[in-house]
Structures are given as structure tokens and as C-alpha cells.
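Student: below is the sequence, then the predicted model.
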Amino acid sequence: MAFAVGPVAPLGAREFMIFLLQVALLLLLALVLGELASRLRLPPIVGELCAGVLAGPSVLAQLSPELSDWLLPRSAAQFHLLDAAGQIGVLLLVGLTGISMDLGLARRYGATAARVSIAGIVIPLSLGVLTGLALPDSLVPDGADRSTFVLFLGVAMGVSAIPVLAKTLMDMNLLQRDIGQLTLSAVLIDDIVGWLLLSVVSAMATTGVRAGEVALSFGYLGLVIVCAVVAYPLVGKALRLADASDRRAGGGGGTTIAVVTTLLLLSSAATQAMKLEAVFGALVAGMVIGRSPALDHAKLGPLRGVVRAVFAPLFFATAGLRMDLTALGRPKVLLVGVSVLAAAVVGKFLGAYLGARLSRLGRWEAAALGAGMNARGVIEVIIAMVGLRLGVLSPEMYTIIILVAIVTSLMAPPVLRACMARVETTPEELRRAERAHSVRLREADEVA
């Protein structure tokens, strides 16, 4: 029997218009509120998330339900357009984070960074699991496996956020301090382990908690690592060909950007097919690309600019759209929110503090590590979005985890500043700061 095959109908004019208005409005709000947050010396992500909160069910739907229904119709197809744009942005953001990761920093601090990181993951993860076991069934989505929900909450509690921490340390002139570099090293290990755990728990949410499926997930993890090693020389060859193409075109980095973007998306698709989450593939591909001597990092400047200025704010604003702060008006949800936040803050701080003290660091240095590693920021938001998409998190728990990301990112700078005020600057740190200052002056002279 023959079937008539015709072209797929294009996106409707009305749906396309609404999509354009949604993107424009969210970007405008994210730009204004992100800039306001920066001027208040807060992480821009706070303002970008608030853009979605204002346009979502927490504010706009309460003030003007008709306008909210028109601009953000309860249509899965319409919302998925926004999701797709935001997901591309977050994959590129995670990939660029992987490219920028300084694995040499972790090797330099070796055992100390490992001890701080391990304690900084195990203790909050354990507290997250215990908290998840104590939560009422009404906050676990229908059809979600309780053990998967509990493990997912534990992973969400255990992560830190390199982008937020690096920006905080830079703003506070702490990147040249020993504690600043040690904190970045520990968080680097933290994030890699966190992505591995997220991939396994995501696979459990998709395939079930059967022993065979879990073993298969770990097998896929091993396969990804093997593929990364095998692909390393091939990635280098692709980057050299891209560089040659850029030179023939008279400079610029258009081909390099296209090749890097393609590699990130292909790797994301591969890990998504393995049910290990696309963001894990983007991170691994980014780390492989970033280690290649064939990569000219300067050519990725335009890509970084577009991702940070357009795609990332759009993703965070979209994440804010799904927050429903009105749920916190229910005493049970509010109590759970306070409990989860307390467990997240105490667990991370205590874990990093104990790891630092076991490494024979002073108590104020240990406290500074705990304060810095408590910032969840970007990574927590991504994990929350993954949990919501997989059906592991209910809307109430999603809102609570996003609030944990915001509150811990806001807490980190003042606590870190108070702790570092009690840590003496060493002669080596002074020399390092002077060298960095000299480099900045030379770069400024070259630009002038």
C-alpha cells in the first residue's frame, strides 16, 4: 500500500509570532534584571532567573491571567520551541565551561583538592538523600520512583558551580590567593563527579532502578570515556582543518566556531541516546576540545559572547518561567523548602570544612572553602531543569531547588569576604598578584 508523502507543514504564523515575542520579552527582562543584579554586586543569574519569575505563574499570571495565557499559552508545542532554544544555549554553555576547565589546577593541588571535593560531595549528598527520604509523598511526582527521586535530590545538594564561583573570586580579587585556586580546583573535581552522578541518576529515571540497567549506565559511562580518549587525535585534526579554512578565508574563526559547535552537539546527542543526559556529552566534548593544542581559544570569543549574552540568559529566564513561588504560600511546602535549603547549606559547608581541616588548613581557610563551594548557581539550575523534564521533580520541588541555587549564590560572597579577611596574605600570593597585574598592564598597552 502506497502512502502519499508531502512536505511537513511549516510553523504557523501565529505560533511563530508568539515565539518571537516570548524570546524578545524574556531577553529584554533578563538583560535589564541581570544588569541590575550586577550593579547590586549580585550574580547576574539571579536577575535572569527573576525575568522568568516575573513573566511566569508567580507574577504575570497573578496580575493579568489573560495576558499570561496569550503570551505563554498552555501549549506543549509552543513551550517546546522556547525549551529547544534554551537547551541549545545550555549545551553550548556547558561545552564552553568544559573547554575553559583548567585540569592542571586540580593536578597542582592534588590530594588536598581531592579530599576537600570528596568530603564536599559525600556529606551534602548523604544529607540530601536523608532529606529526600523524610519528605512527604505529595512532593514526589506521580509515577516517579522514590529511590530515584531521593538520589536526584542528593546529587542536586552535592554540586557546586564553577562559573558563579570563578566570577565571585575574580570580583573579590581572590583568584591569585591560594584559597581561591584551591577552591576552584576542588569545585572542578566536584563538578566532574556531579555530572557523572547526574548521568547515572538520569539513566535510572529513564530506564528504571533495575541492577542490570544501572550496570548498563555505568558501562555507557566507561564507553564515553573511552570514546573521548580515542576521539582526542581526531578532534585535533578537525580543529587544524578548521584553522586552515579560517586562514584561507582571510582570518576570523567562523569555521572553528562551526566545528566546535558541531562537536559539542554531536557529543550531546550521543550521550542523550545513551540516556546519560546531553549536558554530560557537552561537558566531555568541551574538555577534549579544550585540551587540544590545535585549538585557538581566541577564535571562540564570538561564540562565548553570543552564548553568554543571548542563549544563557534565555535559558535561565525559561527556567524561571517554571518557578511557582505561590506554592511557598502553603506551610508544608515552605517548611520543606527551608529544610532543603538548610540541609544544602550545612552539608556543603560542613563537607568542605572537614575536608580542609583534614588537609591541615586553618579554620578560617577551611571556612572560606566551605563558603565558596556553597555557591550552586548555574549547575543547580541545569540539574533542576533536567529533573523536571524527566519527571523526577514535582513543580514544588523544582521551585525549591532553584531557590537553593539563588540563595547559596547570594550567600557565598559576603561569607567568603568575612572569612578571607582573617586569612593572612603570603609573600608568594603577593608576588603572584604583582605578576598578574603586570600582565594586565601589558595587555592594556597592546590594546591601546
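Tutor: Looks like it came in fine.
Student: can you tell me what sits against stretch 395-406?
Tutor: 45-46, 49, 139, 153, 156-157, 161, 319-320, 322-325, 327-328, 333, 336-337, 340-341, 344, 376-378, 380-381, 383-384, 387-388, 393 (CB atoms under 8 Å, 6 or more residues apart in numbering). To be clear about C-beta, it is placed using only N, CA and C from the backbone, and glycine gets the same treatment.
Student: let me fix that, I meant to ask about stretch 303-313.
Tutor: Under CB under 8 Å, 6+ apart, the answer for stretch 303-313 is 26-27, 30-31, 34, 44, 48, 51, 85-86, 88-90, 92-93, 96, 257, 260-261.
Student: out of the residues you listed, which sit inside helices?
Tutor: 26-27, 30-31, 34, 44, 48, 51, 85-86, 88-90, 92-93, 96, 257, 260-261 (DSSP state H).
Student: residue 347 and residue 126 touch, don't they?
Tutor: Yes: contact criterion CB atoms under 8 Å: residue 347 and residue 126 qualify, at 7.5 Å.
Student: out of the two, which sits in the more crowded spot?
Tutor: Shown here are residue 347 and residue 126; by other CB atoms under 10 Å, residue 347 has more neighbours (25 against 16).
Student: who's in contact with that one?
Tutor: So residue 347 contacts 123, 124, 125, 126, 127, 128, 157, 158 (CB under 8 Å, 6+ apart).
Student: center of the chain - which residue?
Tutor: Here the mean C-alpha position of the chain is nearest to the C-alpha of residue 379 (CA atoms, centre = their mean), at a distance of 2.6 Å.
Student: how far away from the center of its chain is stretch 181-200?
Tutor: Put simply, stretch 181-200 sits 11 Å off its chain's centre (CA atoms, centre = their mean, to the nearest Å).
Student: what mean pLDDT does that stretch get?
Tutor: For stretch 181-200, the per-residue pLDDT values average out at 79.
Student: list the buried residues in whichever helix in the chain runs longest.
Tutor: Counting residues, the longest helix found in the chain (DSSP H) is helix 211-248. If you call a residue buried by 16 or more other CB atoms under 10 Å, then helix 211-248 has these buried ones: 214, 217, 220-221, 224, 227-228, 231, 235-236, 238-239, 242-243, 246.
Student: between those, which sits nearest residue 68?
Tutor: residue 217 (39.5 Å; CB to CB).
Student: still on that earlier bit, possible to save the contacts of residue 347 as JSON lines with pLDDT?
Tutor: Listed next are those as JSON lines, based on pLDDT from 0 to 100:
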{"residue": "123", "pLDDT": "91"}
{"residue": "124", "pLDDT": "90"}
{"residue": "125", "pLDDT": "90"}
{"residue": "126", "pLDDT": "91"}
{"residue": "127", "pLDDT": "91"}
{"residue": "128", "pLDDT": "89"}
{"residue": "157", "pLDDT": "87"}
{"residue": "158", "pLDDT": "84"}
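Student: if any of the residues you listed are buried, put those into a ChimeraX selection.
Tutor: Command for ChimeraX that selects the buried part of these, burial taken from 16+ other CB under 10 Å:
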select :123,124,125,126,127,128,157,158
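Student: for residue 68, state which of the contacts of residue 347 is nearest.
Tutor: Closest to residue 68, out of all of the contacts of residue 347 and judged by CB to CB, is residue 157, at 32.4 Å.
Student: from the chain's centroid, how far away is the one helix or strand the closest one maps to?
Tutor: For residue 157, the element it lies in under DSSP states H and E is helix 146-158. Centroid separation for helix 146-158 versus its chain: 17 Å, with CA atoms, centre = their mean.
Student: mind listing residues that contact that helix?
Tutor: Under CB under 8 Å, 6+ apart, the answer for helix 146-158 is 120-122, 124-129, 131-133, 140-141, 190, 194, 197-198, 201, 204-205, 209, 340, 343-344, 347-348, 380, 383-384, 387, 392-393, 397, 401, 404.
Student: which of these are buried?
Tutor: 120-122, 124-129, 131-132, 140-141, 190, 194, 197-198, 201, 204-205, 340, 343-344, 347-348, 380, 383-384, 387, 392-393, 397, 401, 404.
Student: give me the phi and psi for residue 40.
Tutor: phi -90, psi 10 (degrees, to the nearest 10).
Student: hang on, I meant residue 394
Tutor: According to degrees, to the nearest 10, residue 394 has phi -80, psi 160.
Student: mind checking how far the nearest residue to it once chain neighbours are set aside is from residue 398?
Tutor: Setting aside the residues directly before and after it, residue 394 is nearest to residue 141 in space (CB to CB, 6 or more residues apart in numbering), at 4.7 Å. Computed as CB to CB, to the nearest Å, the residue 141 to residue 398 distance reads 10 Å.
Student: could you do residue 376 as well?
Tutor: 14 Å.
Student: these two: who's more crowded?
Tutor: residue 376 (30 against 22).
Student: below-threshold pLDDT in the stretch 51-200 of the chain: ranges please.
Tutor: Scanning the stretch 51-200 of the chain for pLDDT under 70 picks out 105-106, 162-164, 166-167, 170-171, 175-176.
Student: go with 90
Tutor: Along the stretch 51-200 of the chain, segments meeting pLDDT under 90 span 51-122, 128, 132, 134-200.
Student: who's in contact with residue 193?
Tutor: Residue 193 neighbours (CB under 8 Å, 6+ apart): 117, 121.
Student: which of the helices or strands spans it?
Tutor: Residue 193 belongs to helix 178-207, assigned by DSSP H and E.
Student: what's the angle from that helix to helix 146-158?
Tutor: 160 degrees (axes from the mean of the first three to the mean of the last three CA atoms, to 10 degrees).
Student: in helix 178-207, what counts as buried?
Tutor: 178-206.
Student: relative to the whole chain's centre, how far out is it?
Tutor: 10 Å.
Student: give me the neighbour count for residue 53.
Tutor: 24.
Student: for residue 36, same thing?
Tutor: Count around residue 36 with other CB under 10 Å applied: 14.
Student: give the contact list for the closest residue to residue 276 other than its chain neighbours.
Tutor: Leaving out its chain neighbours, the residue that sits closest to residue 276 by CB to CB, 6+ apart is residue 199, at 3.9 Å. By CB under 8 Å, 6+ apart, residue 199 lies in contact with 217, 221, 271, 276, 277, 280.
Student: now pLDDT too, for those, in CSV please.
Tutor: Converted to CSV, the contacts of residue 199 look like this (pLDDT from 0 to 100):
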residue, pLDDT
217, 67
221, 74
271, 85
276, 74
277, 75
280, 81
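Student: so residue 41 makes contact with residue 413?
Tutor: Yes: if you go by CB under 8 Å, residue 41 and residue 413 touch, sitting 7.2 Å apart.
Student: more crowded one of those two?
Tutor: The residue with more neighbours, out of residue 41 and residue 413, is residue 413; 21 against 11, by other CB under 10 Å.
Student: SS state for the more buried one?
Tutor: helix (DSSP: H, G, I helix; E, B strand; the rest coil).
Student: distance check, it against residue 40.
Tutor: From residue 413 to residue 40 the distance is 11 Å (CB to CB).
Student: repeat that for residue 126.
Tutor: With CB to CB as the criterion, residue 126 and residue 40 are 35 Å apart.
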